[in-house]
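[1] Sequence and predicted structure are below.
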Amino acid sequence: MLISQSVRILMVIVMDLPLAGNVKGRQGKRRPAVTGAADASAPVGKKGRGNEIGTLKLPSHGYPTEHPFNKDGYRYILAEPDPHAPFRQEFDESNEWSGKPIPGWLYRSLCPGIVLLALHDRAPQLKISEDRLAVTGEKGYCMVRATHGVSRGAWYWEASVEEMPEGAAARLGWGRRYANLQAPLGYDKFGYSWRSRKGTRFHESRGKHYSNGYGEGDTLGFLIVLPDSVTTKFTPNTYKDRPLVKFKSHLYYEDKDNIQESLNNLKSLPGSKIYYFKNGECQGEAFVDIYQGCYYPSVSLHKNVTVSVNFGPNFKFAPSGDYKYRPMSEKAEEAICEQTMADLLYLTENEGKLRLDNFNL
């Protein structure tokens, strides 16, 4: 009964969402974020909320210029007010919240409307281009992930090596959220990569011969196939039960890593595959029966390599008709609907608790 009610609500909301690939996220126009809200170390002022609310403008790429980076132990998810949360209006009009942390369920994670390289989910020493479709390395191996990941279906993206000076190298492919950003992709159990030198494929720091190498001027393709299974998750995590923290006038959910639990729960996904392509030619199966989970397009660079990415829908070298896939660019719209469903299920399942919390506050 509760789930069917959520589905009906979701259908109404989704009809109102501008699902064209724009960088403004779930709504065609940003709602103002609460600048005076924070964690317990920065309580809301006691003069009421009227002067605490302002419009925080985001850059064209839809992410704050100054932001907290994901790092070992914690990761930060940009939040925006959830207009569909219960008691939203009472919260906006009430002075009773003064000095108290804002409940996370009144907000939602901001879901980007286009797939780009993540500014926050990268090693800080990497340099991301203004359009967030190119990255340049510096010194030792480090990594950046895309803003969106996939856990089911077949997906494809491209990368072009723009510059690769002598002695530099790249490892490109697919990585999960816990793949170490200060290491090459494929260093641990959370990533699968293809190295420019000698065309070696890497997983868990084990390199095996795969193909010839690649270098400056080459365009590489990355296809992942993730069949459905009985344990496949159809909705992402909702962060509404996480604490909100303030950084540079923006609010973020703070999510604590649990890497050991993830390692303990690793299970291979039968039928899953990863293929790599070089200038339109498939190099064969690189990995089969990989670990089940959510995988992000990932780029790791050694020294000052510059790589540009193309998430589609138009590719320089699209795979032949023998391969069924979707371009990564389509994940943006799908992710908005999935995240909305996850949020609505949380609000519906916890309605009684939220009502009690509202009266207590």
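    Here it is on my side, so go on.
[2] Could you export the helix or strand hosting residue 300 as PDB, CA atoms only?
    In this structure, residue 300 sits in strand 296-302 according to DSSP states H and E. Listed in PDB are the C-alpha atoms of strand 296-302, where the atom choice follows Å, rounded to 0.1, in the frame of the first residue of the first chain:
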ATOM      1  CA  TYR A 296      31.600   4.900 -12.500                       C
ATOM      2  CA  PRO A 297      33.600   5.900 -15.600                       C
ATOM      3  CA  SER A 298      37.000   6.500 -14.100                       C
ATOM      4  CA  VAL A 299      40.300   8.100 -15.300                       C
ATOM      5  CA  SER A 300      43.600   7.700 -13.500                       C
ATOM      6  CA  LEU A 301      46.700   9.500 -14.700                       C
ATOM      7  CA  HIS A 302      50.500   9.400 -14.100                       C
END
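[3] could you say what helices and strands that strand packs with?
    Judged by 3 or more CB pairs under 8 Å, 6 or more residues apart in numbering; DSSP states H and E, the packing partners of strand 296-302 are strand 134-136, strand 142-146, strand 169-175, strand 191-195, strand 306-310. From N, CA and C alone the C-beta is placed, and that goes for glycine too.
[4] Report the distance from the longest helix belonging to the chain to the chain centre.
    Among all segments of the chain classified by DSSP state H, the helix with the greatest residue count is helix 331-349. Averaging C-alpha positions (CA atoms, centre = their mean, to the nearest Å) puts helix 331-349 14 Å from its chain's average.
[5] So which bits of it are buried?
    Buried positions in helix 331-349, judged by neighbour count with 16 or more other CB atoms under 10 Å: 331-333, 335-348.
[6] Tell me which other helices or strands it touches.
    For helix 331-349, the packing partners by 3+ CB pairs under 8 Å, 6+ apart come out as helix 2-16, strand 107-109.
[7] what's stretch 254-271 in contact with?
    Counting by CB atoms under 8 Å, 6 or more residues apart in numbering, the neighbours of stretch 254-271 from elsewhere in the structure are 72-77, 178, 189-190, 225-227, 229, 231, 237, 239, 242-245, 289-293.
[8] What is the distance between it and the centre of its chain?
    Taking CA atoms, centre = their mean, one finds the center of stretch 254-271 at 16 Å from the center of the full chain.
[9] so for that stretch, what's the average pLDDT?
    With pLDDT averaged residue by residue, stretch 254-271 scores 91.
[10] Do me a favour and get the end-to-end distance for it?
    Separation of the first and last residues of stretch 254-271 by CA to CA, to the nearest Å is 35 Å.
[11] Quick one: the strands in the stretch 51-200 of the chain, in order.
    Using DSSP state E, counting those that start in this stretch, the strands of the stretch 51-200 of the chain run over 53-54, 74-81, 107-109, 117-122, 127-128, 134-136, 142-146, 153-163, 169-175, 191-195.
[12] now these in CSV, with mean pLDDT, distance to residue 317 and mean neighbour count?
    Formatted as CSV, the entries for these read as follows, by pLDDT from 0 to 100; distance: least, CB to CB, whole Å; neighbours: other CB atoms under 10 Å:
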stretch, mean pLDDT, distance to residue 317, mean neighbour count
strand 53-54, 32, 46, 14
strand 74-81, 90, 33, 21
strand 107-109, 93, 34, 26
strand 117-122, 94, 20, 21
strand 127-128, 96, 24, 16
strand 134-136, 98, 18, 20
strand 142-146, 97, 19, 26
strand 153-163, 98, 7, 20
strand 169-175, 98, 15, 27
strand 191-195, 98, 15, 27
